[in-house]
Every structure is written in structure tokens, then in C-alpha cells.
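K.L.:
show me how the following folds:
(chains A and B)
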Amino acid sequence: MLEIKNLRARVGNKEILKGIDLVVKTGEVHAVMGPNGSGKSTLAGVLAGRAEYEVIEGSVTYDGHDLLALEPEERAREGIFLAFQYPVEIPGVNNAYFLKAALNAVRKHRGEPELDAMEFMALIRGKMKLLDMDQALMSRPINEGFSGGEKKRNEIFQMAVLEPTLAILDETDSGLDIDALKVVANGVNALRSPERSAIVVTHYQRLLNYIVPDYVHVLSEGRIVRSGGKELALELEDKGYGWIETALERA
Amino acid sequence: MSTETRTIEELATQEYKYGFVTDVEADTVPRGLNEDTIRQISARKGEPEWLLEWRLRSYRTWLTLRDPDWANVKHDPIDYQDIIYYSAPRRPKTLKSLDEMDPEIRKTFEKLGIPVEEQKALAGVAVDAVFDSVSVATTFKGKLAELGIIFCSFSDAVREHPELVRQYLGSVVPYSDNFYAALNSAVFSDGSFCYVPKGVRCPMELSTYFRINAQNTGQFERTLIVADEGARVSYLEGCTAPMRDENQLHAAVVELVALEGATIKYSTVQNWYPGDKNGKGGIFNFVTKRGHCRGANSKITWTQVETGSAITWKYPSCILQGDNSVGEFYSVAVTNNYQQADTGTKMIHLGKNTRSTIVSKGISAGHGQNTYRGMVKIGKNASNARNYSQCDSLLIGDQCGAHTFPYIEVKNTSSQMEHEASTSKIGEDQIFYCRQRGLSTEDAVNMIVSGFCKEVFRELPMEFAVEAQKLLGVSLEGSVG
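P.N.:
As a prediction, the model looks like this:
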């Protein structure tokens, strides 16, 4: 469903992605790992349509569409969800109100009827439980005054409500303690199905104990330098990223 | 510039929807201002001698005053001799019913969505519509009269209730108050008058709709609202004007009087023509609004949503004389393109245990300059007076400005004052976040701006809150960065 071919992208004059090839089939979970600065977040940002990244070459096809030709909101309505590494605070805008507007934008696009407030509240109640979300967070402004863990949980909660077909998690595990990590992983696992896929971007193997990927890719200096099954993550954990780089130099 | 910035700027350049001109025959006085002009205006309105005298005293005072130059706005000097001070649609002397209203004018108000015909009126809103200088229709007059409420044009009030007008006119804003108040007092043409008798709660929202139509005219309306002991009234005014290349002056005066235990809520949705996107044309809105909490336990609330005008110079204020009286000011001011606003309030605490709240939200976009100017004064007898002020500015784009000038003067040691201020910017990351969740840029900006203004919008009567929110979206089309 997602096919990335020779993707090159830059920020300003700095080329960050130097030719990425990746195919994610429906139902698969792919982990993208790599050291800081390897281009993991850039890849996530390009897929979501962040304006500061300029694509210089390559193509991304999603469900048969040219993904790069779509506006960010069109990608979102097509079922692409990005869980932000740094969720944004929006003062004055109620969390539940925002999520209802987002859900209805997606539903409208799919030709489904929009939900009213009552239907929406009924829908989110179960999801709140899944993510162990405090009801009070719903009536607070988006992410304002949330702790780091609350923000990340809120991202996964939004994901659970929007039910994307392709979820991209950008270092969702960073800054989470082990309990929060389990809650977040539960949320992601609950969404796993043969119709949905996910790209889990992470620096550490730890998250992958809870969200077990079908494939692991290692990104280094803007290229995928190694791909494998879930055991690759364990090997990395054991030997460190230096191992990959040394192996590359030798080759 | 990023895509977001450009899109938001496109959004902010939406056209002014009310810029049409109505073709009606008008009765005007010659251009320029002298004692003769004033005599003519007064004569045309068939005014009593005392009012003419008051106008002339105002005029003579005005001659001794200068335009205020302290406001944080820039404009070319105004030639006060190049203005037509009175323009009235020509019509039969008195209208026996609304059916006799000029069909052209009626069409105009229909285009604006003003329910002049009673049967079409929004449930529970009585409207007085002022076209150029003259009040053309007052709906629900009869129904209100049953409760003893007087709601009519200022001219009718002068004719039918001279004793009330004479007692209260200029008692809150004396003609010598400032340059524009003096000018208004000399040449005011019409406006609305409202008196709510003792113990009566006005059962509906009262509303005035102002429209400047004729070319080269200034609109000098005057509103006077008196709530007698224990009375309650909620009042809303709205304003629009045609699009014209030259600037037009609007110098109004609004006086509110709340006697013991009375409550007045005054809400404004101001959408005068703001000029084009290069700053050409637009209304100069130089207005003096003041409320007097004369009796104990009285309360006056000003709520304003200011999206229009090329320049706004306006400080709805409260004099809190009665013990335990309460003054409130809730404001949203938007400046886009080359609009300038210098607005805020004054809270003058004189009585004991008086309380005031100020919530000001300034939104600047394009090259807009938005200034909050507020004064809180606690007199020496105002023991236990309290004030809370909050001024927030939201910047959209990097060409606009937000300025805050709070003045505080305290002469009583038992008082409590709080002042909070913040400045924020709509960030591209906020907009991207919303878009990544499926919302369009336009919806994202509207949502962020509405969230910013929420505390003020909830003070507006329900149907107008919805209107104000829409208006804000329109005003901001094309403005962020």
C-alpha cells in the first residue's frame, strides 16, 4: 500500500534523505531505527507533508495515489496519521472539540455521516479507557499543561479515535517511563489489523518489546543500510549503532 | 515564506461583503461646519431651543480643542470643513408604520440581514436601524411600551421625552470631554435612546444597526441608555458601511447610566469598512463610550468585537461610583492589512467594594497595528476595590504589531489589582498539527483564533456570538505569518 522509491529530501540546502526505498504492505508493522540525525524524523515528516522538507527526487505511492501531490490534510483524510515526537500545544482549543472536528473531517471525506457531540462522546469513552486517559484532559486545551507522558498518550488516543490505515509513530517512546510505554504500546497493538499498517520510528529497541514489528530497518545518514526481521533490533541493542557503521565501512 | 504562511495570507484577504451603496435621495446640509450648519441641523430636526443651545456650546468648546495625538495610530490630518454633517434619506415626514419605509432602504437592511419587519424579526430582538444620520425604523416599540420601556430614535426621544433626555444627556460624557465628543455633541444627528423603568427587566435584546451610506458624510450618532433602579437591559449594536476610497469619519458618543441595582450589558459587533488591502479608504471610528454605575450594586458590562474600521480609537469605560458596583470590559479587536486600533477601557473606582474585570484580546495580522490602552484608577474612598486585567495579543504573520499601554493609579491601600498579559503567535507548527489531523488551514486558523477569543465570545448574546465568530473568520482571511 505504501511504496517509497529513491526518496531524496532536504531542509534548506542540507540533504537529509539520500535515496530511501521502502515498501510497507497492508497489515505490516515496520520499525525504522537509527542513530540521531540519521533522517528518521525527516522521513516521518515527508510522509505527513511537513512544508519545511523539500523532496528533490523519488516518489511515494500510497494506495495507488501520488502521496507527495496531496496536501497534509488530504493525506490525513486518506488515513495517514502522524503521532508527533513533540505534540503541539494549542491554547484555548478544547481537546475533545478538536478531535471531534478532526474525526468529522475524516468521516466526511470517507462519505460517512458526521458524528454529533453525543455520538462522539460515546465513541471516545472506550478509547479513553484503553489509553488510560483522564476524562479531565478532554476538556482541557490541546496539550496545554500536559506532562510529557500525557502528551504522548494523547497522540495515541487521537490515533485510536481516528483509526488511520497508516500510522506513523515518531519516537513516541522517547520520554516515557515503562508504565506509560506499556499503555502506549497497548493502544498501538489494539489497532493492529490486517487492514492497517504502521511505521514505528524509534531510537531504542525497548518499544519493540511491546510493539513487535514484522520488519526492522536501520537508517544511517539518510539511507536504509540494513533491513531484517525483529531480531535485527535485538542485535542492534546488543552491539550498538556503531556496529552497523563499522560493518558498512568494512564492506 | 512557507506554504502555510501564504495560504493564511490568502485567507485573510477575503473581500468586505457589505460594501454596496444604496441609491436613495438624500436631504443633506452643505459641506463644512459652522454655527449655521448646527442651526440647520437642529432646525431640520425641529429641536427645542435648549438643545440647540447645548449644541452651540459644544461647538464653541470644540473650537478650543485639538485632535488627540497621543493614540498609537497614524493618519493624514482630517479636514473638518470637508465633511457633510447631516444626510438623511428623503421621505415623508413621519412614518405611520414600517410599511411606509423607503423600499430601497428596506432592501439594504434586508441585504444586511437586519430584521426591520417585525414578523421577520429574530425572536426577541428589537431593532432600531440608523441609516446615515437618521433612525429609520424601530421594531417592537409597542410591545416594549407595555412595560414602560422606551426604545426609540434619539430624535423621537427629544420630541416625546424631552425631560429624560435633558436630565441625562451629557451627564456621563460631557461635551467638553474630548475633541470628538465635543464634535459629536455639536452635530449629532440621531441614534438610539432607551429608558428602562424601575424594577423592569427588558424581556428582549435591544439592538441598533448603524449604516453609513452617503458619500463624504460623517456619522455622528448618539446613544443614551438609562436603567432605572433595579432595571436590566441588554443592548447590541452592529455597524457596516459601503466600500469607498476615501476615509469616512464616524464619531459617536454612547452614554450609559445605571442607577441603584441596575444592570446594563452593552455589546458591539463593529464591522465598518476597514479599507482595502493596501490601506486605502475605510472608516475612522473615533468613539467615546462611557457608562456610569451611579447607584449602589449596579453593573455595566461592555463587550466588543471590533473587526472593521481603518482606524479605531475607542475606550468603553465605567465610572464605578455606587458602592459594590461592577464594571466589566471584554474585547476582541482584530487588525488586518493596514488597519490600526488603539482601544481599551478605563475603570474608575470611586465607591467602596467596587470591582472591575478587563479581558482584552488583540489579534494582529497583515500589517495591522493593535494597541491596548487601559486605565485603572482607584480613588481614595474606594476601599477594598478590586481589579483584574488580562491583555492577550495574538500575532499572525511577521509584519504586524501588538502594543500594550496599561495605566494604573491607586490611591487606596486596601485595593487589589491583578494584571496579566501575554503575546503569542499562531505557529506554523500549530497549523501543521491541525492539518495533519485532517483540518483545512482555514479551519485551523479559525479554531485557534476562536479558542483565543473564547472568554470574550461567551459574554455575547448567543446568536451574536455565532455571528461574531463567523465575522472573525472573514476578517482574518489573508492575514497570518
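K.L.:
ends of stretch B:327-346, what's the gap?
P.N.:
End-to-end distance of stretch B:327-346 (Cα to Cα, to the nearest Å): 10 Å.
K.L.:
which residues of the chain score low on pLDDT?
P.N.:
If you meant another chain, say so; for now it's chain A. Within chain A, the ranges that satisfy pLDDT under 70 run A:248, A:250-251.
K.L.:
think we crossed wires, I meant chain B
P.N.:
Using pLDDT under 70, chain B drops low at B:1-27, B:88-140, B:209-218, B:239-247, B:463, B:477-481.
K.L.:
and the residue of it nearest chain A?
P.N.:
In chain B, the residue that lies nearest chain A is B:Gly451 (2.8 Å; Cβ to the nearest Cβ). For every residue, glycine as well, the C-beta is placed using N, CA and C.
K.L.:
hmm, A:Ile90 and that residue touching each other?
P.N.:
Yes. At 6.7 Å, B:Gly451 and A:Ile90 qualify as touching, with contact defined as Cβ atoms under 8 Å.
K.L.:
hmm, who's touching the helix or strand in which the residue of chain B closest to chain A is found?
P.N.:
Using DSSP states H and E, B:Gly451 maps to helix B:441-457. Helix B:441-457 has contacts (Cβ atoms under 8 Å, 6 or more residues apart in numbering or on different chains) with A:73, A:90-94, A:98, A:101, A:105, A:141, B:4, B:7-8, B:11, B:303, B:305, B:330-332, B:359, B:361, B:363, B:392, B:394, B:396, B:424, B:426, B:430-431, B:434-435, B:439, B:465, B:468-469, B:472-473, B:476-477, B:480.
K.L.:
pretty sure B:Gly295 sits against B:Gly261.
P.N.:
Yes. At 6.5 Å, B:Gly295 counts as touching B:Gly261 under the criterion of Cβ under 8 Å.
K.L.:
where do the contact lists of those two overlap?
P.N.:
B:Glu229.
K.L.:
B:Gly451 and A:Ile90 - which one has more neighbours?
P.N.:
Each of B:Gly451 and A:Ile90 has its neighbours counted (other Cβ atoms under 10 Å in any protein chain shown); A:Ile90 has more, 25 against 20.
K.L.:
check contacts around the more buried one.
P.N.:
Residues in contact with A:Ile90 (Cβ under 8 Å, 6+ apart) are A:Phe98, A:Pro141, A:Ile142, A:Asn143, A:Glu144, B:Gln430, B:Tyr433, B:Cys434, B:Met447, B:Ile448, B:Gly451.
K.L.:
and the gap between the fourth one and A:Arg153?
P.N.:
Using Cβ to Cβ, to the nearest Å, one gets 11 Å for the distance from A:Asn143 to A:Arg153.
K.L.:
of these two, which one has the most company?
P.N.:
A:Arg153 (25 against 22).
K.L.:
name the element the more buried one belongs to?
P.N.:
Counting by DSSP H and E, A:Arg153 is part of helix A:148-162.
K.L.:
check the offset of that helix from the chain's centre.
P.N.:
In terms of Cα atoms, centre = their mean, to the nearest Å, the centre of helix A:148-162 is set 11 Å apart from its chain centre.
K.L.:
hmm, back to that, show me the contacts of helix B:441-457 that map onto strands.
P.N.:
A:90-94, A:141, B:303, B:305, B:330-332, B:359, B:361, B:363, B:392, B:394, B:396, B:424 (DSSP state E).
K.L.:
now which of those residues would you call buried?
P.N.:
Buried members of the ones in strands among the contacts of helix B:441-457, counted by 16 or more other Cβ atoms under 10 Å in any protein chain shown: A:90-94, A:141, B:303, B:305, B:330-332, B:359, B:361, B:363, B:392, B:394, B:396.
K.L.:
what is the burial count for residue 38?
P.N.:
By default, I'm working from chain A. By other Cβ under 10 Å, neighbour count at A:Ser38 equals 24.
K.L.:
I was thinking of chain B, sorry if that wasn't clear
P.N.:
20.
K.L.:
buried residues, the host helix or strand of it. List them.
P.N.:
Taking DSSP H and E as the criterion, B:Ile38 maps to helix B:35-44. Going by neighbour count (16+ other Cβ under 10 Å), the buried part of helix B:35-44 is B:Thr37, B:Ile38, B:Ile41, B:Ser42, B:Arg44.
K.L.:
same check on stretch A:230-245?
P.N.:
A:Lys230, A:Leu232, A:Ala233, A:Leu236, A:Tyr241, A:Ile244.
K.L.:
how far off centre is that stretch?
P.N.:
22 Å.
K.L.:
for it, measure first residue to last.
P.N.:
End-to-end distance (Cα to Cα), stretch A:230-245: 19 Å.
K.L.:
now residue 54. Its backbone dihedrals?
P.N.:
I went with chain A, as the question did not name one. phi -110, psi 130 (degrees, to the nearest 10).
K.L.:
residues near it, how many?
P.N.:
A:Glu54: 13 neighbours (other Cβ under 10 Å).
K.L.:
ok, now which ones touch it?
P.N.:
Contacts of A:Glu54 by Cβ under 8 Å, 6+ apart are A:Ala9, A:Arg10, A:Val11.
K.L.:
for chain A, what are the nearby residues on chain B?
P.N.:
B:2-4, B:424, B:427-430, B:432-441, B:443, B:447-448, B:450-454 (Cβ under 8 Å from any Cβ of the partner chain).
K.L.:
now, of these, which are buried?
P.N.:
B:3-4, B:428-430, B:432-441, B:443, B:447-448, B:450-454.
K.L.:
OK, now which residue of chain A is nearest to chain B?
P.N.:
A:Gly92 (2.8 Å).
K.L.:
quick check: that residue touching A:Pro141?
P.N.:
Yes. Between A:Gly92 and A:Pro141 there is a contact under Cβ under 8 Å: 5.6 Å.
K.L.:
contact partners for the closest residue to A:Val161 other than its chain neighbours?
P.N.:
Closest residue in space to A:Val161, ignoring its immediate chain neighbours: A:Lys127 at 5.4 Å, by Cβ to Cβ, 6 or more residues apart in numbering or on different chains. A:Lys127 makes contact with A:Met133, A:Phe157, A:Ala160, A:Val161, according to Cβ under 8 Å, 6+ apart.
K.L.:
report how many residues lie close to A:Gly229.
P.N.:
Residues near A:Gly229, counting by other Cβ under 10 Å: 11.
K.L.:
if you could redo that for B:Ile311, that was the one I meant.
P.N.:
Neighbours around B:Ile311, by other Cβ under 10 Å: 26.
K.L.:
now the strands: where do they sit in chain A?
P.N.:
A:2-11, A:14-24, A:29-33, A:54-62, A:65-66, A:80-83, A:90-94, A:141-142, A:166-170, A:197-202, A:215-220, A:223-228.
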